[in-house]
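Just need the structure, nothing else, for what follows:
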Amino acid sequence: MAEELMDVLNEIDELDDLDELGEDTQKGKFMTFRIGEECYGIAINYVSEIISAQTITPVPEVEDYIKGLINIRGKIIPVIDVKVRFKQEPFEYMDRTCIIVIDVKSTTVGLVVEQIADVITVDEKSIIPPPSLNQNSYGRDRYVFGLVRVSDEVKLLLDPEKLIRDEDPTMPE
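The predicted structure follows:
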């Protein structure tokens, strides 16, 4: 686990170094992670860091997917359990459990995931839209903006803005 995580962190650092040279190295790159048997991706430009799971301070009377708050170098950020956000049963945190810290429109949020997979490069033309099974998309599907096939596996690409937005289509307006 530690070695895999270090490889991913080193790759992110290398991308950041190239960005400082003015190159758009983050285009088409996605941080992938696992939740259960499924693999998801989030555009690397949203990822600020990856940290190991740590103590999360619960907050009363919030949505069940909001696990609470963590302190990262003096900055307090909310943490979302992605699996619970997808309306699935929560998982037990293990040694591979990580928190992906993302920045979306000046909002910093931690995403608890079962394990980091890797960083992939995706040609924009190879991203296919998810099938529209019904008009009211609940759970995981409403946060997925595209699918991409890498080797034998289909990865679901997430829209981080929709993921952290507090809108529940099951609530009456």
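
Okay, buried residues for stretch 143-158 please.
143-148, 150, 155-158 (16 or more other C-beta atoms under 10 Å). C-beta coordinates here come from the backbone N, C-alpha and C atoms, glycine included.

can you give me the helices in the chain?
2-20, 82-85, 160-164 (DSSP state H).

Asn129 contacts Gly146, doesn't it?
Let me fix one detail, which is that residue 129 is Pro and not Asn. Yes. Assessed by C-beta atoms under 8 Å, Pro129 is found in contact with Gly146 at 6.0 Å.

Of the helices of the chain, which shows the lowest average pLDDT?
Between the helices of the chain, the lowest average pLDDT goes to helix 2-20, which shows a mean of 59.

Using CSV, write out every CA atom in stretch 61-70.
The C-alpha atoms that make up stretch 61-70 are tabulated as CSV, following Å, rounded to 0.1, in the frame of the first residue of the first chain:
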residue,chain,number,x,y,z
GLU,A,61,-27.3,16.7,12.0
VAL,A,62,-25.6,16.5,8.7
GLU,A,63,-26.2,14.2,5.7
ASP,A,64,-25.1,10.6,6.4
TYR,A,65,-22.4,10.7,3.7
ILE,A,66,-20.7,13.7,5.4
LYS,A,67,-18.4,11.8,7.8
GLY,A,68,-17.3,14.9,9.7
LEU,A,69,-14.2,17.2,9.7
ILE,A,70,-10.5,16.7,9.7
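
Report the buried residues of that stretch.
Within stretch 61-70, the residues scored as buried using 16+ other C-beta under 10 Å are 65-68, 70.
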